[in-house]
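# Sharing a sequence plus its predicted fold:
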Amino acid sequence: MAELSPARDVERVAVIDCGSNTFSLLVAEVCTDEAGQKSWTKLMNQSRYVHLGRGSFRSGRLDPDRMRRAWDVLGMYVESLRNAGVSRYACLATSAARDAKNADDFLAGARAVGCNVQVIDGLTEARLVQRGVRSSVEAADTRWASRTLASLDIGGGSVEMSLWTGNSIHYTGSLDIGLSRLRDWVKPQLQWSPKDLESVALIIDEAMHPFLKAAAEYPPEAWVGSSGTIEALQRLLEPEIVPGYEVADLLPPLELAVMLEKLIPMHQNALIKLEHLHPDRVPYISLGSALVRQVLQASGVDQLYCSRFAMAEGLLTMYAGGESTDDYLPTPWQVF
């Protein structure tokens with residue numbers, strides 16, 4: 001974000017992202033300068049592995065233990081909002097909650113710890129992600145403001161994709177090929193077999209068909225990835241580099257291709273020993289790498305940016321910029 005003039009007004013807001021694997025909290029200041037222009041800056045963020053969707057995509061129900069873990073984390077986040085002096089917040093739940101038959105139980109438990117959760121549909125999630133990653137890649141290179149890009153957000157339950165040129169969005173979709181969902185379907189062992197990977201590739205290709213149809217008319221020049229999988233790949237590729245928060249970074253294409261081929265067939269016992277891989281990423285990184293490889297190959301694009309901006313940052317960017325979400329998310333904000 002640009003450097004602010006002396007602030008005329010400052011508001012503290014927060015976004016909680018209740019993902020299928022990870023729950024994240026972003027607290028920010030939205031500042032209005034003397035010219036009436038608004039921008040936001042991050043104050044803090046937290047992330048906790050909850051695995052709310054574990055087993056739910058096959059059973060259709062959220063596990064009680066996972067819900068209790070979710071309520072504990074949301075209770076901690078509510079305390080963080082209180083301590084940070086937040087005036088309004090948005091709490092958005094995604095694929096695991098929107099697919100579960102007992103989602104109302106999860107929402108009721110969240111209310112009991114002081115957090116009102118709003119379950120959003122996949123297209124809303126995809127649009128918010130697109131707005132977030134767009135701002136970070138344009139911060140990296142202003143030329144991307146007029147070029148065609150594609151976004152890839154890999155979640156536990158779904159994968160959000162968008163295709164756009166500047167302000168024009170050519171495609172937005174939420175695909176039911178998230179990593180936890182695929183694991184529920186395919187049931188791999190500690191190492192992905194060629195047969196498992198073939199099954200996954202067929203599922204991904206089928207799900208990507210509408211995107212590829214749009215991409216044939218508007219070919220993207222690069223992908224912008226956001227999610228724990230993409231960030232994990234960056235840490236493995238460039239462990240000595242401290243990435244910026246607001247600016248997307250290009251992952252070196254040749255090194256990325258080699259890394260994907262290395263990770264996909266690795267046994268979990270070997271993955272655990274990788275120095276820069278978080279233990280909670282171990283069960284998902286091979287499958288996530290296979291998904292990234294399939295997406296890059298299917299689209300014929302080898303450039304992949306890593307963005308730390310996703311759904312929460314997209315919502316904040318729109319709020320600070322006065323951009324309306326009325327046509328797909330009329331009331332995201334709640335007074336705290």
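Okay, I see it. Numbers count the residues shown, from 1 in each chain.
# where does the chain dip in pLDDT?
Residues of the chain meeting the criterion pLDDT under 70: 1-8.
# What are the structural domain limits within it?
According to automatic domain parsing, the chain comprises the domains 7-121+312-335, 123-310.
# my read: residue 299 touches residue 222, true?
No: contact criterion Cβ atoms under 8 Å: residue 299 and residue 222 do not qualify, at 10.1 Å. Just so you know, the C-beta spots here come from the backbone N, C-alpha and C atoms, and that holds for glycine as well.
# between those two, what contacts are shared?
residue 150 (Cβ atoms under 8 Å, 6 or more residues apart in numbering).
# what's the longest helix along the chain in contact with?
In the chain, assigned by DSSP state H, the helix with the most residues is helix 194-217. With Cβ under 8 Å, 6+ apart as the test, helix 194-217 has contacts from 150, 159, 161, 163, 170-171, 173, 175-177, 182, 185-186, 188, 192, 264, 287, 290-291, 294-295, 298-299.
# buried residues in the following helix or strand past that helix?
Taking DSSP states H and E as the definition, the helix or strand that follows helix 194-217 towards the C-terminus is strand 222-226. The neighbour-count check on strand 222-226 (16 or more other Cβ atoms under 10 Å) flags 222-226 as buried.
# Contacts for strand 222-226 next, please.
Strand 222-226 has contacts (Cβ under 8 Å, 6+ apart) with 129, 132-134, 136-137, 144, 149-154, 248, 250, 292, 295-296, 299, 301, 303-310.
# of these, buried ones?
The neighbour count (16+ other Cβ under 10 Å) marks 129, 132-134, 136-137, 144, 149-154, 248, 250, 292, 295-296, 299, 301, 303-310 as buried among the contacts of strand 222-226.
# Which of those fall in helices?
Using DSSP H, those in helices are 129, 132-134, 136-137, 292, 295-296, 299.
# Quick check: of these, which lies closest to residue 239?
Nearest to residue 239 among those is residue 292, at 18.4 Å by Cβ to Cβ.
# ok, that closest one touching residue 234?
No: judged on Cβ under 8 Å, residue 292 makes no contact with residue 234 at a distance of 11.6 Å.
# Surely residue 14 is within a strand?
Yes: counting by DSSP: H, G, I helix; E, B strand; the rest coil, residue 14 is located in a strand.
# That one: how many residues sit nearby?
A total of 26 residues lie near residue 14 under the criterion other Cβ atoms under 10 Å.
# which residues sit in contact with it?
25-28, 81, 84, 86, 88-90, 336.
# Next, work out how far apart it and residue 38 are.
Per Cβ to Cβ, to the nearest Å, residue 14 is found 16 Å from residue 38.
# Now do the contacts for the residue nearest in space to the middle of the chain.
In the chain, the centroid-proximal residue (Cα atoms, centre = their mean) is residue 227; its distance is 4.3 Å. Neighbour list for residue 227: 152-155, 288, 310 [criterion: Cβ under 8 Å, 6+ apart].
# Residue 186 too?
196, 199-200.
# How about residue 38?
By Cβ under 8 Å, 6+ apart, the contact set of residue 38 is 30-32, 320-322.
# Distance check, the nearest residue to it once chain neighbours are set aside against residue 159.
Leaving aside its sequence neighbours, residue 38 sits nearest to residue 320 (Cβ to Cβ, 6 or more residues apart in numbering; 4.5 Å). Residue 320 sits 27 Å away from residue 159, going by Cβ to Cβ.
# show me where this protein has helices.
Using DSSP H, the helices of the chain run over 56-59, 64-84, 95-99, 103-112, 122-140, 179-186, 194-217, 228-237, 253-263, 268-271, 282-299, 311-321.
# want to try CSV for those helices, with distance to residue 331 as columns?
Below are the helices of the chain laid out as CSV (distance: least, Cβ to Cβ, whole Å):
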stretch, distance to residue 331
helix 56-59, 27
helix 64-84, 18
helix 95-99, 17
helix 103-112, 16
helix 122-140, 12
helix 179-186, 28
helix 194-217, 29
helix 228-237, 29
helix 253-263, 40
helix 268-271, 42
helix 282-299, 33
helix 311-321, 12
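# Quick one: closest of these to residue 327.
Minimum separation from residue 327 across those (Cβ to Cβ) falls at helix 122-140, 9.5 Å.
# okay, now residue 143: neighbour count?
Neighbourhood size, residue 143 [other Cβ under 10 Å]: 9.
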